[in-house]
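[1] Model the structure of this input:
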Amino acid sequence: MKIQVPLKITAADSNARTISGRIVTFDEVALTSAGRTIFRAGSVPMTPVKLNLEHDMTRPIGRTLSMDEVYEKDKLVGINATFKIANTTSGNDALEEAMAGLRDGFSVGVAVDDYETEDGAMIIIASELIEVSLVTEPAVRSARVADVAASEDKEDSEAEDASDVPTNPTEGEQVEDTTVQDAPAAQETVEASLKIEASSRPAFYAKPRLDPSPIKYLENTVRAALGDEDARLYVAAAADTTDNAGLVPTRQLTTVINGLTNTFRPSIEAISSGVLPDAGMSFELPKITVVPTVADTAEGNAPSETDQNAAFVTATVKKYAGQQTFSVELLDRTSPAFFEELMRTLAGAYAKATNAAVNNALIAGATLDSTTVATYPTAAELLGIVARGAASVYGNTQKFASSMIVSSGQWSNIMTLNDNGRPIYNASQPQNAGGVVTPSSLRGNVAGLDLYVDYNNGGDGDGTILIVDRDAYQWFESPSFQLRSNLISTGQVSIMMYGYGSIVTKIAAGAFKNNKA
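    Residues are numbered from 1 along each chain as shown. Sure, this is the predicted structure:
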């Protein structure tokens with residue numbers, strides 16, 4: 001069972017290409033991909049891992065530099081970590097986004113080995129740390145990054161002792177040190193000053209005589225990587241030769257391009273979450289239906305008396321599953337990247353299906369605005385929807401609206417709303433800003449409501465704007481599972497990913513939707 005735990009990054013300065021902060025907080029409720037979760041002290045090991053972007057294993061931007069246990073009054077309260085960021089385009093962007101507060105959250109991905117449930121929360125007892133990601137939106141506010149060091153000191157780097165610089169590296173060679181040091185500051189100094197000098201070939205050289213065979217080319221490629229200059233000249237000559245077809249192979253990278261799936265679940269994030277009970281295809285939640293009364297009572301008269309009554313809300317559990325069947329040859333003889341990408345795409349499909357179920361339930365149960373408005377409202381019309389929606393939610397639930405869920409089309413329209421040409425929801429001047437909405441984030445704030453952009457809601461009709469009381473609806477979910485079976489008769493393998501979930505309407509009319517004219 002794998003879950004993801006988001007935590008908040010905290011501060012920024014510019015020193016040596018590192019990002020630091022709290023990655024795990026123990027004994028504190030966190031809203032994870034499995035719902036309300038609590039990590040017991042010591043349940044997460046300090047294992048060096050890669051730092052990824054948004055839990056995408058194909059987008060690493062750094063690695064663990066150090067990890068430290070944090071104690072308060074002799075009690076273990078969490079784990080702080082420092083990550084060395086690669087000098088790549090993605091790494092540079094990540095540092096800039098962290099310092100600017102745009103992508104300023106840590107989220108750990110763990111495989112749960114042992115857990116128990118208590119008061120609707122998952123209590124993690126033992127787990128395995130798989131990866132840490134830099135994310136846009138964290139859920140735990142108690143842990144924040146301590147430092148974002150985004151640049152290297154050139155003078156210090158050049159002044160490093162020559163013994164610290166690797167000898168005889170080759171052009172294009174990559175050096176990686178995954179050792180977790182006890183002294184983070186010392187490790188930072190070494191890493192910041194580490195330089196790789198690529199040996200250059202002479203300005204003039206004689207092209208070697210070629211032995212035109214793939215085996216010889218492979219041999220020289222290996223020797224060149226080890227620093228053999230003659231082998232380097234052979235490889236260079238082969239690359240310059242146009243009549244030796246097949247000697248210079250076309251490399252295929254393991255990075256897979258996938259523009260069709262993601263694991264965002266905006267509608268689920270916009271409401272409350274819980275852990276699904278461990279048995280049964282339905283469960284019940286007690287709900288107060290009649291409350292006692294209190295009235296002005298004259299002296300000697302009997303007090304107002306109304307009995308409190310309760311009933312049960314029945315929730316139905318549904319299974320969400322997908323599979324793929326393929327040959328054993330594909331499993332045995334293809335790149336490991338195939339299976340890794342298959343599981344990522346199945347996880348994305350699972351996220352899309354469960355999010356769509358919640359979004360459809362919210363739209364179906366929402367109160368329809370009595371005022372019709374054009375497909376994409378003006379600023380004044382949008383504020384009217386918010387005002388009427390807030391009043392409707394409060395009148396039906398006795399609680400306040402907290403979230404706004406919109407379609408991608410409404411998101412695009414909201415960013416165009418302006419005050420005499422000045423943007424309202426992505427303006428830099430506070431006196432002109434009624435919230436924050438940016439083209440680079442699916443989260444924001446509109447008229448005091450947390451904004452969630454839902455890609456599942458792709459239409460332009462009723463329900464493309466939803467005003468929601470977070471506590472009126474709750475999504476209960478089990479961990480996701482994998483089931484593998486061998487089909488002996490056909491020599492194939494089937495992989496299924498599935499999980500169980502239930503969307504519960506705790507208080508009717510806790511959502512309000514726009515009415516398209």
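[2] For the stretch 201-350 of the chain, which residues score under the pLDDT cut-off?
    201-215, 238-252, 254, 336 (pLDDT under 70).
[3] Strands of that one, start to end?
    272-275, 282-290, 309-316, 318-327 (DSSP state E, counting those that start in this stretch).
[4] how about those, which one is nearest Phe512?
    Of all the strands of the stretch 201-350 of the chain, strand 272-275 sits nearest to Phe512, with 17.4 Å by Cβ to Cβ. Backbone N, C-alpha and C define where each C-beta goes, glycine included.
[5] who touches that closest one?
    With contacts defined as Cβ atoms under 8 Å, 6 or more residues apart in numbering, strand 272-275 is touched by 31, 34-36, 117, 120-122, 470-471, 473-478.
[6] go again using 10 Å as the cut-off
    Residues from elsewhere that reach strand 272-275 (Cβ atoms under 10 Å, 6 or more residues apart in numbering): 31-37, 115, 117-123, 265, 285, 402, 469-479, 502, 504, 506.
[7] circling back to that earlier point, just name the most buried of the strands of the stretch 201-350 of the chain.
    strand 272-275 (a mean of 20; mean count of other Cβ atoms under 10 Å).
[8] Name the strands paired with that strand and say parallel or antiparallel.
    Each strand paired with strand 272-275, and its direction, by DSSP bridges: strand 473-477 (parallel).
[9] Strand 309-316 and the strand it pairs with, what's the angle between them?
    50 degrees (axes from the mean of the first three to the mean of the last three Cα atoms, to 10 degrees).
[10] Pull out the buried positions in strand 473-477.
    473-477 (16 or more other Cβ atoms under 10 Å).
[11] Export the next helix or strand after that strand to CSV, keeping only CA atoms.
    Using DSSP states H and E, the next helix or strand after strand 473-477 towards the C-terminus is strand 481-487. Provided in CSV are the C-alpha atoms of strand 481-487 (Å, rounded to 0.1, in the frame of the first residue of the first chain):
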residue,chain,number,x,y,z
PHE,A,481,-4.3,-2.7,-4.6
GLN,A,482,-2.6,-4.6,-7.4
LEU,A,483,-3.7,-8.0,-8.6
ARG,A,484,-1.5,-10.0,-11.0
SER,A,485,-2.4,-13.3,-12.6
ASN,A,486,-0.8,-15.6,-15.2
LEU,A,487,-2.9,-16.9,-18.0
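[12] so strand 481-487 versus strand 318-327, what angle?
    Using the same axes, to 10 degrees: strand 481-487 against strand 318-327 is 40 degrees.
[13] Name the residues that touch strand 481-487?
    Contacts for strand 481-487 (Cβ under 10 Å, 6+ apart): 1-2, 321, 323, 325, 327-328, 331, 343, 346, 492-500.
[14] Buried members of those into ChimeraX, please.
    To isolate in ChimeraX the members of those that are buried, counting by 16+ other Cβ under 10 Å, one can use:
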select :1,2,321,331,343,346,492,493,495,497,498,499,500
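[15] Among the contacts of strand 481-487, name the ones in helices.
    When DSSP state H defines the helices, the subset of these inside them is 328, 331, 343, 346.
[16] Distance to Lys75 for those residues - can I get that in a markdown table?
    Formatted as a markdown table, these follow (distance: Cβ to Cβ, whole Å):
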| residue | distance to Lys75 |
| --- | --- |
| Val328 | 51 |
| Leu331 | 47 |
| Met343 | 37 |
| Leu346 | 40 |
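[17] Which of those residues sits closest to Ala224?
    The closest of the ones in helices among the contacts of strand 481-487, once distances to Ala224 are taken by Cβ to Cβ, is Leu331, at 33.9 Å.
[18] sorry, back to before: can you name the two of the buried residues of strand 473-477 that sit furthest apart?
    Tyr473 and Glu477 (13.2 Å).
[19] so what sits against both of these two?
    268, 273, 503.
[20] Quick check, the last one in contact with Ile363.
    Meaning Ile503. No. Assessed by Cβ atoms under 10 Å, Ile503 is found out of contact with Ile363, at 11.7 Å.
[21] The two: which has the busier surroundings?
    Ile503 (23 against 19; other Cβ atoms under 10 Å).
[22] Okay, that one and Ala517: tell me how far apart.
    According to Cβ to Cβ, to the nearest Å, Ile503 and Ala517 sit 29 Å apart.
[23] Likewise for Asp462?
    Distance from Asp462 to Ala517, by Cβ to Cβ: 10 Å.
[24] Tell me which of the two has more neighbours.
    Asp462 (16 against 10).
[25] quick one: contacts for the more buried one?
    Contacts of Asp462 (Cβ under 10 Å, 6+ apart): 363, 366, 368-369, 372, 513-516.
[26] of all those residues, which comes closest to Val44?
    Using Cβ to Cβ, these come closest to Val44 at Ile363, 38.3 Å.
[27] can you confirm the closest one is in a helix?
    Yes. Ile363: assigned to a helix according to DSSP: H, G, I helix; E, B strand; the rest coil.
[28] how does this structure divide into domains?
    2-158, 201-252, 266-274+320-516 (automatic domain parsing).
[29] Out of those domains, the one nearest Asp296 is which?
    Closest among the domains of the chain, using Cβ to Cβ: domain 266-274+320-516, at 21.7 Å.
[30] In stretch 82-91, which of the residues would be classed as buried?
    82-86, 90-91.
[31] Report the distance from it to the chain centre.
    Mean C-alpha position of stretch 82-91 versus that of the full chain (Cα atoms, centre = their mean, to the nearest Å) differs by 18 Å.
[32] One more: stretch 284-300?
    Using Cα atoms, centre = their mean, the offset of stretch 284-300 from its chain centre is 45 Å.
[33] do the same with stretch 457-465
    The answer for stretch 457-465 is 25 Å, by Cα atoms, centre = their mean.
[34] Same question for stretch 502-514.
    So, by Cα atoms, centre = their mean, the centroid of stretch 502-514 is 26 Å from its chain's centroid.
[35] Many thanks, we can stop here.
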